[in-house]
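**Student:** Predicted model, plus sequence, below.
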Amino acid sequence: MTTALLYHYRESVRPFKIGPDFIDPLFHKKVCDTPSVNLDTCIMNKNQVKWIFNKYSNKNISILEGVMGFYDGMDKGSSAYDVSKLLNIPTVLILDASGSYITLSAIIKGLKEYREGNTVKAVVFNHVSSQMHFELIKKQVEKDFDDIVILGWIKSKLDSLDSIHLGLDLEDNDKEKLEEISEEVLTNIDLKKLEKIASSNCETNDIYPFEKIEKYNKHLAVVNDDNFAFLYHDNLEFLKESFSKVTIVNSIKDETIPNDCDIVFICGGYIETQKAYEKFKDSKNFKNSLINHAKTKVVYGECAGLILLGRKVDDKEMLGLLPLDFELTNRPNRLGYYDNDLGITGHAFHYTKVIGDIKGEYTLYKHKNEYEVYAAFKKEKIFGTYLHTMFRNNFSKIKIYFNL
């Protein structure tokens, strides 16, 4: 549904993603050619999230994609419920209607009454077998609710997008396929009704709710491409605001680190899979330029960036700038929100792990004193971590690793 709406409104939409996810925002951008912005009330406080939302709500339409189920994430304060309530944005429920009709009315009642202050305004029914099936559902919901707009239905067994081990396959974005899926999804959706309920009354605050931005007269290179793609859009904007010059380097195209660059930031993403490694393995100019840079200058790597700085992952050779070997496993080694020893909250999601019991810079944990494992490693001016976080509210704690 999100993909279909973003494609339909692609000329005038700003996508947002609730929570710390990277792949959905990347997919959003590929669909509508506008960067997607994360809204995360676990990593940031409420005033900061309001500021981020208002800063980037500069299009005619804003669409926020939720995270899991509507209330999932409440234990971390960052569910779709929490964010839509905070920003006073109407919520459209997408409910699986397969094998049900009256029961869907009970589900709506439960979702509406589970917590006060929710912004549930409309519903779309998914996996509907026929027009007759939809009419059965509609009749019951209209009987039970006078404050829920029924926007329509999506038929079952539609074509879908491919996925890989971290989520949607970002390469499965053929324009013809997106157009076809969008048209099929929206065939029985009343967009005029949707536009009628679309509104936001989020209060604005002109006070900047973060630490004052420091200006650094330094040249920062950001390694960001299809392999190193996990970059919060606001992190990039923050870096542009903080450094005198920011250059994007594409490792897949074998671009080199500029000679006058002071710091290199390598984003997270994919480097551990054979498919990703094949794109990168022959980028000799990029590799040599990064190795030469690292002899005297600063490197900061996140997740895939950390792996690149190590010696190898399974049998795939990396750069050997950190004395670390990795292996790719069949299950996530970390998944979700984590805190570190510096007092930073962030997100980790990876299937690789460091081989051996190696002490590092800091541990990551969900609960203090429970399963704390090192997740950041440093050698001279080279630093790598599995933790992703928002820079705008945490940079004073991590700038030491940028040698600032």
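**Tutor:** Yes, it's here.
**Student:** Give me the helix or strand of the chain that scores worst on average pLDDT.
**Tutor:** strand 167-168 (a mean of 49; mean pLDDT, DSSP states H and E).
**Student:** Quick check: residue 38 vs residue 347, distance?
**Tutor:** 9 Å (Cβ to Cβ, to the nearest Å). Backbone N, C-alpha and C define where each C-beta goes, glycine included.
**Student:** do residue 358 as well
**Tutor:** Distance of residue 358 to residue 347, computed by Cβ to Cβ: 22 Å.
**Student:** Compare the two and say which is more crowded by neighbours.
**Tutor:** Using other Cβ atoms under 10 Å as the criterion, residue 358 and residue 347 rank with residue 347 on top: 26 against 12.
**Student:** so which strand or helix has that one?
**Tutor:** Secondary structure assignment for residue 347, by DSSP states H and E: strand 345-350.
**Student:** Need the contact partners of that strand.
**Tutor:** Contacts with strand 345-350, where a contact means Cβ atoms under 8 Å, 6 or more residues apart in numbering, come from 20, 42-43, 166, 303, 332-340, 364, 375, 386-390, 394.
**Student:** Just the buried ones among the residues you listed, please.
**Tutor:** Among those, those classed as buried by neighbour count (16 or more other Cβ atoms under 10 Å) are 20, 42-43, 166, 303, 333-334, 337-340, 364, 375, 386-390, 394.
**Student:** out of those, which are inside helices?
**Tutor:** Judged by DSSP state H, these include no members of helices.
**Student:** Just to check, residue 81 is in contact with residue 74?
**Tutor:** Yes: under the criterion of Cβ atoms under 8 Å, residue 81 is in contact with residue 74, at a separation of 6.4 Å.
**Student:** Compare neighbour counts for those two and give me the winner.
**Tutor:** Neighbour count, other Cβ under 10 Å: between residue 81 and residue 74, residue 81 has more, with 24 against 14.
**Student:** Helix, strand, or coil at the closest residue to the more buried one other than its chain neighbours?
**Tutor:** Among residues not flanking residue 81 along the chain, residue 71 sits closest, at 5.1 Å (Cβ to Cβ, 6 or more residues apart in numbering). Under the three-state scheme (DSSP: H, G, I helix; E, B strand; the rest coil), residue 71 adopts coil.
**Student:** roughly how far apart are residue 71 and residue 43?
**Tutor:** Distance, residue 71 to residue 43, using Cβ to Cβ: 19 Å.
**Student:** now residue 340
**Tutor:** Residue 340 sits 12 Å away from residue 43, going by Cβ to Cβ.
**Student:** Same question for residue 373.
**Tutor:** Residue 373 is 20 Å from residue 43, by Cβ to Cβ.
**Student:** Show me where the protein has its helices.
**Tutor:** Counting by DSSP H, one finds helices in the chain at the ranges 2-8, 23-32, 46-56, 80-87, 102-114, 131-144, 175-186, 191-197, 233-242, 274-280, 284-294, 304-309, 395-398.
**Student:** Let me know how buried residue 95 is, in neighbour terms.
**Tutor:** For residue 95, using other Cβ under 10 Å, the count is 19.
**Student:** swap that for residue 140, please
**Tutor:** 17.
**Student:** likewise residue 293?
**Tutor:** Using other Cβ under 10 Å, the number of residues around residue 293 comes to 23.
**Student:** Show the contacting residues for it.
**Tutor:** 257, 261, 264, 299.
**Student:** Go again with 10 Å.
**Tutor:** Neighbouring residues of residue 293 by Cβ atoms under 10 Å, 6 or more residues apart in numbering: 221, 256-259, 261-264, 299, 321, 381-382.
**Student:** do residue 258 as well
**Tutor:** So residue 258 contacts 219, 221, 245, 247, 249, 264, 289, 293 (Cβ under 10 Å, 6+ apart).
**Student:** Would you mind putting these into JSON lines with pLDDT and distance to residue 155 alongside?
**Tutor:** JSON lines is the format used below for those (pLDDT from 0 to 100; distance: Cβ to Cβ, whole Å):
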{"residue": "219", "pLDDT": "98", "distance to residue 155": "53"}
{"residue": "221", "pLDDT": "98", "distance to residue 155": "48"}
{"residue": "245", "pLDDT": "98", "distance to residue 155": "51"}
{"residue": "247", "pLDDT": "98", "distance to residue 155": "47"}
{"residue": "249", "pLDDT": "98", "distance to residue 155": "45"}
{"residue": "264", "pLDDT": "98", "distance to residue 155": "49"}
{"residue": "289", "pLDDT": "98", "distance to residue 155": "52"}
{"residue": "293", "pLDDT": "98", "distance to residue 155": "54"}
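**Student:** Max pairwise distance over those: which two?
**Tutor:** 245 and 289 (16.8 Å; Cβ to Cβ).
**Student:** For these two, work out which one has more neighbours and name it.
**Tutor:** Relative neighbour count places residue 289 above the other of residue 245 and residue 289, with 22 against 15, counting by other Cβ under 10 Å.
**Student:** what sits against the more buried one?
**Tutor:** Residue 289 makes contact with 221, 249, 251, 254-259, 261, 264, 283 under the criterion Cβ under 10 Å, 6+ apart.
**Student:** State the distance from it to residue 223.
**Tutor:** Distance of residue 289 to residue 223, computed by Cβ to Cβ: 11 Å.
**Student:** residues shared between the contacts of the two?
**Tutor:** Contact with both residue 289 and residue 223 is made by residues 249, 251, 255, 257, 264, according to Cβ under 10 Å, 6+ apart.
**Student:** what residue of the chain is the furthest out?
**Tutor:** Here the chain reaches farthest from its C-alpha mean at residue 143, the gap being 38.6 Å by Cα atoms, centre = their mean.
**Student:** Now do the contacts for that one.
**Tutor:** So residue 143 contacts 102, 105 (Cβ under 10 Å, 6+ apart).
**Student:** Distance of it relative to residue 150?
**Tutor:** For residue 143, the distance to residue 150 equals 12 Å [Cβ to Cβ].
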